[in-house]
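*Asks:* Need coordinates for the following:
(one chain, ligands or ions: 1)
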Amino acid sequence: MTERTCIVCREKREKKELFRIAKLDESRYRFDKKQIAQTRAVYICKTHECIKRVSKNRKINLPTEDLISMLNMLKTENKNYLKILKAMKGSEFLTFGINLVINEIEHTHFLILAEDISEKNDKKIITLAKERGIPYVHYGMKKELGEIFNKSEINVVAVTNKKIAKGMIE
Ligand SMILES: [Zn+2]
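*Replies:* Alright, predicted model coming up:
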């Protein structure tokens with residue numbers, strides 16, 4: 001069994017429980033999502049705690065997009081967003097559909113995009129999300145998201161309540 005030590009909490013874990021962070025030079029790091037970079041590397045637990053701590057660590061400078069991407073991977077590995085949405089489908093804090101979501105983007109705290117959303121719509125929504133630092137995941141197919149709200153297809157769902165969004169992310 002290959003074990004590595006988390007650079008944040010110093011715990012030893014199996015490689016699959018850790019994110020690989022490529023070390024480009026003394027101060028620059030990048031999340032090695034596909035685990036292929038031929039560079040030296042450090043490892044971080046796949047936990048919110050360690051990602052949060054590394055984001056505050058001045059010695060390990062990871063681009064914000066890498067932190068978001070790690071958080072997103074964590075979410076998809078741990079959460080069933082279809083189930084969560086089903087449970088809260090009557091909530092006033094959910095908005096769905098491209099146009100409504102764009103209208104509500106200023107009040108949006110979390111976004112769930114269909115995995116089969118068109119490239120154009122994906123780019124449109126993600127650009128807005130990045131500008132505003134809104135976390136997002138790709139989860140479920142348009143049809144699956146649609147079924148929850150009795151529509152044929154839904155491209156994107158926005159969570160417009162901060163507390164609920166936080167609960168869904170953590
Ligand atoms: Zn750790």
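
*Asks:* For the rest of this, base every contact and every neighbour count on C-alpha atoms.
*Replies:* Noted.

*Asks:* interface residues of this structure facing the ion?
*Replies:* Taking Cα under 5 Å from the ion as the contact definition, the chain meets the ion at 6, 9, 45, 50.

*Asks:* so the third one touches residue 21, yeah?
*Replies:* To tie it back to what came earlier, the one meant is residue 45. No. Checked against Cα atoms under 8 Å, the pair residue 45 and residue 21 is beyond contact range at 10.7 Å.

*Asks:* Let's have the residues of the chain next to the ion in TSV, adding pLDDT.
*Replies:* TSV is the format used below for the residues of the chain next to the ion (pLDDT from 0 to 100):
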residue	pLDDT
6	96
9	93
45	92
50	92
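
*Asks:* In PyMOL, how would I select just the buried ones from these?
*Replies:* To isolate the buried subset of those in PyMOL, counting by 16 or more other Cα atoms under 10 Å, use the following:
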select buried, resi 6+45+50
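
*Asks:* Might you list the low-confidence residue ranges for this protein?
*Replies:* Under the criterion pLDDT under 70, the flagged ranges of the chain are 1, 37, 75-76, 78.
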